[in-house]
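1. got a predicted model here, sequence first, then my questions.
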Amino acid sequence: MRTPYLRLRLQAVTTNACRKFHIDAITARLVCTYRGQGTQYGVSRNGRDPARVFSVVTGAPILLRGTLWPAKPASGLLHRSPPIAGTGETRLVLVLDAVDDPEDEI
């Protein structure tokens, strides 16, 4: 993938950061969890929560197409942060976003 810039975010997460299954409003995003549970994902063709939910292995990256990805049809691959609120778990998550303008808001 060719992109002039990458936006990097390294974050400690202790809440249900993105608890609903969704597709991000960006071109593409790479997510890698270095500590704690990995990102959850599944395929949905009707916009509902996936019937089968999978988890990315801790330390393994997942590359996700966003709604701005130029190819159609949409992949239907939804993702979310695993629900960890109240468990005492802390996740360390790296996020890389493909961006055209480094001044764009997150």
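-> All right, it came through fine.

2. Gly38 touches Pro82, doesn't it?
-> Yes: counting by C-beta atoms under 8 Å, Pro82 is a contact partner of Gly38 at 7.4 Å. In this view, the C-beta of every residue, glycine as well, is placed from N, C-alpha and C.

3. overlap of the contact sets of those two?
-> Residues touching both Gly38 and Pro82 by C-beta atoms under 8 Å, 6 or more residues apart in numbering: Ser55.

4. roughly how far apart are Phe54 and His79?
-> 10 Å (C-beta to C-beta, to the nearest Å).

5. those two - which one has more neighbours?
-> His79 (21 against 14; other C-beta atoms under 10 Å).

6. just give the nearest non-adjacent residue to the more buried one, would you?
-> Tyr41 (4.3 Å; C-beta to C-beta, 6 or more residues apart in numbering).

7. strands of this structure, residue ranges please.
-> Here the chain has its strands, by DSSP state E, at 5-13, 28-35, 40-43, 54-55, 61-65, 77-80, 91-99.

8. can you tell me which of the ones you listed is nearest to His22?
-> strand 77-80 (6.1 Å; C-beta to C-beta).

9. elements contacting that closest one?
-> strand 40-43, strand 61-65 (3 or more C-beta pairs under 8 Å, 6 or more residues apart in numbering; DSSP states H and E).

10. quick one: closest of the ones you listed to Ser75.
-> Closest approach to Ser75 among those (C-beta to C-beta): strand 61-65, 5.3 Å.

11. may I have that closest one exported as PDB, CA atoms only?
-> The C-alpha coordinates for strand 61-65 follow below in PDB (Å, rounded to 0.1, in the frame of the first residue of the first chain):
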ATOM      1  CA  PRO A  61      -0.700  -7.600  13.600                       C
ATOM      2  CA  ILE A  62      -3.900  -7.300  11.700                       C
ATOM      3  CA  LEU A  63      -4.300  -5.000   8.700                       C
ATOM      4  CA  LEU A  64      -7.900  -3.700   8.400                       C
ATOM      5  CA  ARG A  65      -9.500  -2.000   5.400                       C
END
